[in-house]
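Asks: Mind folding the following:
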Amino acid sequence: MVAGAIGVLVHWFDWAVYAYMATTIASVFFPESNETAGLLATFAVFAVSFLVRPIGAIIFGRLGDKLGRKLTLSVVIIAMAASTLVLGILPTYQTIGLWAPILLIVTRIVQGLAAGGEFGSAAAFLGESSPSHRRGFGCSWLEFGSLLGFLLASLVVYFLNQVLSPEQVIAWGWRIPFLITVPLGLIGLYIRRRIEDTPEFEALQENETVAQSPLREVFKRNPKEFIQTCGMEIFMNVTFYVVLVYLLTYQETALGFDAGRAALLSTLASALALIIVPLAGIASDRLGRKPVLMSAAIALTVLSVPLFMLMNMNSDWASFVSTFGLAFILAIILGTHAVTVVELFPTRTRQTGLSIAYAVTAALFAGTAPYALTWLIDRTGSTLSPGFFLAVVGIVGIVTVASIPETRGIDLLKKSDLAGAKDSAKNTGTPVVETQN
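Replies: The predicted structure follows:
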């Protein structure tokens, strides 16, 4: 569980710091002539790094299904730590001019490529390493790691704003959180290099049935599962980025909260979700995946607009209740989505299918969400736009959850994996050895 969770912790710590300090980064790396233009440019770089995720998903997904989960878990964490180190020491716009935003984009592209492989690697690894009756709880630690990364990021940003003056943060303080990521990445690499690969993947290796073209196989044999996973990841990813990434900037720029208050709200919301996520995983092991996810989808559809109306009251109690309400719904989704999509795919193509579906939906819908919502509020003048946005996402969740089968406790080594073994035996003349997981 530690090996699966620490990579997403490193990844989301880096990404959360970037999002939480968007206003500062805009002033450091872009011309200061127009504040809104600088903020939009910062979020545009955020979106560009999402657009390269599908490339990373194809690369690392294929590697994971052909060579094993352990290899990709190690490679992606090296790439994330290296790109974050470079970002932490980059010269500013005032020092090197246009080279500053160009180099910023390069670091985000490398981070995006690594992120494209992280989810599929970690989800497949955790799912295949967990006992079937505790798989929901085991997979929930993937998102426990991501939330812990967000929690640490919000704490660091909060203390930066408390200890340093705004001038100090802009001058050098913004570098500190990115440099902190490097030792975390090295610890993660140390742990991941000492794990064994999963029983399911080792069974494929023993039977010589590892997929040789997992990308083609996903779209030939598992198109329905791929579409369902895309729907599930739209549901999760957009909610995740609106609540934990965009909301802090929204509270600062649209509602006028001071930076310390917004960061504190984000910290407390992440702490609440951190507790709920494993409990949601346990609930899915006992009640099933569909009931837990459907309740979250309905809640998101019905409650998003009222919660943003409450947030707009701009009182302390309303801010806490509305932020916690959104975080609670998100935590239920986070605790259950990973195990659900892991159970949809066969072992032969699991990492490729998960990686591409996750990366494509993140690039098209989640990565562009902060930019789109900033633009919508500017054009419409309505600070309730994020609420309506999330209500639509909730409808996507309802439709997706209704379409999937209940998968609680199924065997991850599916019949199609054994069929692959028989096809391989026909081609090579090797007898099939059927193993029971």
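
Asks: Ile78 and Leu186: what is the separation?
Replies: Using CB to CB, to the nearest Å, Ile78 is found at 9 Å from Leu186. C-beta here means a position set from N, CA and C on the backbone, and glycine is covered the same way.

Asks: go on, Pro166?
Replies: From Pro166 to Leu186 the distance is 32 Å (CB to CB).

Asks: Next: Arg193.
Replies: Arg193 is 11 Å from Leu186, by CB to CB.

Asks: ok now the helix or strand harbouring Phe150, how far from the chain's centre?
Replies: Secondary structure from DSSP states H and E places Phe150 in helix 135-163. Here helix 135-163 is found 12 Å from its chain centre; the criterion is CA atoms, centre = their mean, to the nearest Å.

Asks: What is it packed up against?
Replies: Judged by 3 or more CB pairs under 8 Å, 6 or more residues apart in numbering; DSSP states H and E, helix 135-163 is in contact with helix 2-20, helix 99-129, helix 175-192, helix 259-287, helix 316-344.

Asks: Pull up the per-residue confidence for Phe13.
Replies: Listed pLDDT for Phe13 reads 87.

Asks: give me the number of residues near it?
Replies: Neighbour count of Phe13, defined by other CB atoms under 10 Å: 28.

Asks: I'd like to know how far the closest residue to it other than its chain neighbours sits from Thr181.
Replies: Leaving aside its chain neighbours, Phe13 sits nearest to Gly149 (3.8 Å; criterion: CB to CB, 6 or more residues apart in numbering). For Gly149, the distance to Thr181 equals 9 Å [CB to CB].

Asks: residues shared between the contacts of those two?
Replies: Residues touching both Gly149 and Thr181 (CB atoms under 8 Å, 6 or more residues apart in numbering): Val10, Phe13, Asp14.

Asks: Which single one of the residues you listed is nearest to Ser132?
Replies: Val10 (28.8 Å; CB to CB).

Asks: can you pull the pLDDT of the closest one?
Replies: pLDDT, read off for Val10, is 88.

Asks: Who are the contact partners of it?
Replies: Applying CB under 8 Å, 6+ apart, we find Val10 in contact with Ile77, Met80, Ala81, Thr84, Gly149, Thr181, Leu184, Gly185, Gly188.

Asks: again, but for Phe324
Replies: Applying CB under 8 Å, 6+ apart to Phe324 gives the contacts Leu268, Ala269, Leu272.

Asks: cool, and Thr181?
Replies: For Thr181, the contacting residues are Val10, Phe13, Asp14, Val17, Met80, Ala81, Thr84, Leu85, Gly88, by CB under 8 Å, 6+ apart.

Asks: Switch those residues over to TSV; also include distance to Gly138.
Replies: Shown next, in TSV, are the contacts of Thr181 (distance: CB to CB, whole Å):
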residue	distance to Gly138
Val10	20
Phe13	22
Asp14	25
Val17	28
Met80	23
Ala81	25
Thr84	27
Leu85	31
Gly88	33
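
Asks: Now that we have those residues, which of them are buried?
Replies: Val10, Phe13, Asp14, Val17, Met80, Ala81, Thr84, Gly88 (16 or more other CB atoms under 10 Å).

Asks: need the contacts of Val10 in a markdown table with pLDDT and distance to Val210, can you?
Replies: Below are the contacts of Val10 laid out as a markdown table (pLDDT from 0 to 100; distance: CB to CB, whole Å):
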| residue | pLDDT | distance to Val210 |
| --- | --- | --- |
| Ile77 | 90 | 23 |
| Met80 | 88 | 26 |
| Ala81 | 86 | 29 |
| Thr84 | 86 | 32 |
| Gly149 | 87 | 32 |
| Thr181 | 84 | 33 |
| Leu184 | 84 | 32 |
| Gly185 | 86 | 28 |
| Gly188 | 86 | 26 |
